[in-house]
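> Fold the following, please.
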Amino acid sequence: MTYLDSHVVAWMYAYGAEKLSERALKLIEDCPCVLISPMVLLELEFLRQIGKIAVSPQTIYEYLAERIALEVCGKDFREVVRNAMHQSWTRDPFDRIITAHAAMKNDILITKDGHILDHYPHATW
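Sure thing, here's the model as predicted:
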């Protein structure tokens with residue numbers, strides 16, 4: 001499975017593939033099901049509330065679900081939180097939960113976030 005970080009989702013909605021690396025684009029194209037943590041939707045809502053994005057997370061999600069078969073991960077949230085407790089390299093709750101979703105099965109997380117890239121071995125850009 002391949003997971004997307006929040007900024008990747010926002011960029012794909014706003015710019016299509018334009019801001020993605022070739023590797024990120026290939027991983028998305030080759031994956032039959034691309035996932036996001038539910039925390040991505042919450043982070044997008046925070047970004048909308050502070051004026052960084054103008055559209056709702058639901059609009060972004062529906063748009064990408066049609067184009068890349070994007071789905072929200074349904075893993076048990078208690079298990080995700082248990083995993084997130086071990087992500088001690090960050091105090092950012094969004095990064096912890098988003099990374100924990102992917103880390104539960106050592107799945108790929110597409111992100112340009114240098115901190116995540118430095119600490120989660122299956123993160124890529």
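
> And the pLDDT for the closest residue to Y63 other than its chain neighbours?
In space, and not counting its chain neighbours, Y63 is closest to Y13: 5.7 Å by Cβ to Cβ, 6 or more residues apart in numbering. All C-beta spots, glycine's among them, are computed from the backbone N, C-alpha and C. Here, the pLDDT recorded for Y13 equals 97.

> Check P32 too.
Note for P32: predicted pLDDT of 89.

> Could I get the contacting residues of the residue nearest to it when sequence neighbours are not counted?
Nearest non-adjacent residue to P32, counting by Cβ to Cβ, 6+ apart: A69, 6.9 Å away. A69 makes contacts with 32-34, as judged by Cβ atoms under 8 Å, 6 or more residues apart in numbering.

> what does I68 give?
Applying Cβ under 8 Å, 6+ apart, we find I68 in contact with 12, 28, 34.

> I figured the first one hits L64, correct?
By that I understand M12. Yes. Look at M12 against L64 with Cβ atoms under 8 Å: they come within range, at 6.0 Å.

> rewinding a little: now, which of the contacts of A69 sits nearest L42?
L42 lies nearest to V34 out of the contacts of A69, by Cβ to Cβ, at 18.3 Å.

> ok, now how distant is the closest one from T111?
13 Å (Cβ to Cβ, to the nearest Å).
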